[in-house]
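*Asks:* Give the three-dimensional model of this entry:
(one chain, ligands or ions: 1)
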Amino acid sequence: MPAPDLDTIVSLAKRRGFVFPSSEIYGGFANAYDYGPLGVELKRNIRDAWWRAMVRERDDVVGIDAAMMTNPRVWIASGHTETFNDPLVDCKECRQRFRPDHIEEGQYGEAERDAEGNLRCPSCGGELTEPRLFNLMFSTQVGTVVDEGSIAYLPPETAQGMFVNFENVRSSMRRKLPFGIAQTRVSFRNEITPGRFIFRTLEFEQMEMEFFCRPDAAAEWHRYWIDERQRWYAETIGIDPARLRIRDHEPEELSHYSAGTSDIEYDFPWGWGELEGIANRTDFDLKAHSEHSGQDLTYFDEETRERFTPYVIEPAAGLTRTLAVALLENYTVEPDEKGDERVVLKLPPVIAPIKVAVLPLSKKNTLSPTAKRIHALIRSHWMTQYDETQSIGRRYRRQDEIGTPLCVTVDFDTLEDEAVTIRERDTQEQVRVPIARLVEALRERLPGVAG
Ligand code: ATP
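*Replies:* Got it, this is the predicted structure:
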């Protein structure tokens, strides 16, 4: 099924409690969003699935959680203060600001030009200024005295936490190459965006891993991580591989630290866009931090008796961007049991916000104690929702729309036969199972799904 348009997803996200515009009662705040009760679960589940695949299930990767506030010299060494810039143009008439490459790519509709071929403002057609470079980092003051020494930067990526802790992690965990350090965290970028929901925001979560290896093994590990990560999107987020592609950066596009970057791209409703960048960062970062900090960040290989600076392969993913794709990709419209239309969010159960909904057939007091007992039994195993309002058909529709893989219906027969009905989201099949076997029956239908 083709991906739905963005408005459909934005509306579902708001209506069902996934994503709300930030500070909406004050008219919102451009390019910032809040995650609602279901959004926070979905986000947590994607993050946990990434953490399991990248850290828990591997012997060669460990995790960290580095402070956001760092010595500002970190950002000088990394090159961010100098080079983390976007060229921007201002409209002389309406004063809006744009990235000229976004105008050229048609992100605001077909680009308009004047007789000399200069771009015109996509909003009002006015004259644009020459491009000027703007640094994307947000800066803030630390302490009470405002001077240059009190400036701190909000992190625009998580990677530097891994580089500055390379030696701490290596020695405390007695690691030998190759090994990786992973982290998930919020990053901040002062970006100008054409307003595509949570695709590009000022504040977003990233899931990054720095994989340290011998320089002569870097090309092979680069290939390995591209394949691994592509598979993860298909298997864990449920993305049709036909809507994923790998795009190698052109030499002129490469970041200052990169010897090669390949993006995993998704076919968004507006065209291909990046989900994750996998870069061969060479020895740039460790060398730069060695030089600026005066600390030795080389590695001694005991087998070959060589000392060298490790190379780094970095798979850098956007958690919040992946969440947008999970909604877009799994949104399905199909017939229900009666042949009417139903909307189903076919999220893989591992990432679904609610795993099991408990639905007493009627609100009557006679059913409630039994239904609540069953709810208590299930919620100690999985994330659940208890819902007793409205008709059962409408409640199934609501659970389909938020992607709940299983519903457990408690009816008046339950009081007699101590059995309940399990209804599956995707097949709409219903089976009757004894309460004594319920957890086992749910587990069979939720393989590998914890919590
Ligand atoms: P883009 O080209 O889209 O600006 P990038 O190449 O600057 O992305 P990276 O620095 O490689 O992005 O960051 C890794 C991932 O972080 C991206 O693939 C994306 O999923 C996510 N990401 C980057 N910037 C944002 C943002 N402003 N909002 C949401 N996610 C982002």
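
*Asks:* For the stretch 51-200 of the chain, which segments are assigned as helices?
*Replies:* For the stretch 51-200 of the chain, helices defined by DSSP state H, counting those that start in this stretch occupy the ranges 73-77, 80-83, 100-104, 159-164, 166-172.

*Asks:* which residues does the residue nearest to residue 257 when sequence neighbours are not counted contact?
*Replies:* Distances taken as C-beta to C-beta, 6 or more residues apart in numbering place residue 284 nearest to residue 257, at 3.9 Å, with adjacent residues excluded. To be clear about C-beta, it is placed using only N, CA and C from the backbone, and glycine gets the same treatment. Residues near residue 284 by C-beta atoms under 8 Å, 6 or more residues apart in numbering: 256, 257, 258.

*Asks:* Which one of the residues you listed sits in the busiest neighbourhood?
*Replies:* residue 257 (21 neighbours; other C-beta atoms under 10 Å).

*Asks:* Whichever helix or strand residue 34 is part of pairs with which strands?
*Replies:* Assessed by DSSP states H and E, residue 34 sits inside strand 33-35. According to DSSP bridges, strand 33-35 forms sheet pairs with strand 19-21 (antiparallel).

*Asks:* Can you name the residues bridging to the residue in the chain positioned nearest to the ligand?
*Replies:* Closest contact between the chain and the ligand, by C-beta to the nearest ligand atom, is at residue 318 (2.2 Å). With DSSP bridges applied, residue 318 shows beta-bridge pairing to residue 206.

*Asks:* Quickly check: the longest helix along the chain near the ligand or not.
*Replies:* Counting residues, the longest helix found in the chain (DSSP state H) is helix 218-236. No - shown here: helix 218-236 not in contact with the ligand (C-beta under 6 Å from any ligand atom), separated by at least 10.7 Å.

*Asks:* quick one: average pLDDT of the helix or strand following that helix?
*Replies:* Note on helix 218-236: by DSSP H and E, the next helix or strand toward the C-terminus is strand 244-248. Here strand 244-248 scores 97 as its mean pLDDT.

*Asks:* name the helices or strands packed onto strand 244-248?
*Replies:* helix 218-236, strand 260-268, strand 271-282 (3 or more C-beta pairs under 8 Å, 6 or more residues apart in numbering; DSSP states H and E).

*Asks:* In CSV, list the C-alpha atoms belonging to the last one.
*Replies:* These are the backbone C-alpha positions of strand 271-282, laid out as CSV (Å, rounded to 0.1, in the frame of the first residue of the first chain):
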residue,chain,number,x,y,z
GLY,A,271,10.4,12.0,-1.9
TRP,A,272,13.5,10.3,-0.6
GLY,A,273,14.8,11.6,2.7
GLU,A,274,17.5,10.5,5.2
LEU,A,275,16.7,8.2,8.1
GLU,A,276,20.2,7.4,9.1
GLY,A,277,23.7,8.3,8.0
ILE,A,278,26.5,5.7,8.2
ALA,A,279,29.9,7.4,8.0
ASN,A,280,33.5,6.3,8.0
ARG,A,281,34.8,9.1,10.2
THR,A,282,38.4,7.8,9.9
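
*Asks:* strands paired with that strand, and their directions?
*Replies:* Strand 271-282 is paired, per DSSP bridges, with strand 260-268 (antiparallel), strand 311-318 (antiparallel).

*Asks:* Run through who's touching that strand.
*Replies:* Here strand 271-282 has contacts from 199, 210, 215, 218-219, 222, 225-226, 229, 233, 244-245, 247, 255, 257-266, 311-318, 321-322, 325, using C-beta under 8 Å, 6+ apart.

*Asks:* between the following helix or strand past that strand and strand 311-318, how many degrees?
*Replies:* Using DSSP H and E, the helix or strand that follows strand 271-282 in sequence is helix 284-293. Per axes from the mean of the first three to the mean of the last three C-alpha atoms, to 10 degrees, the angle that helix 284-293 makes with strand 311-318 is 100 degrees.
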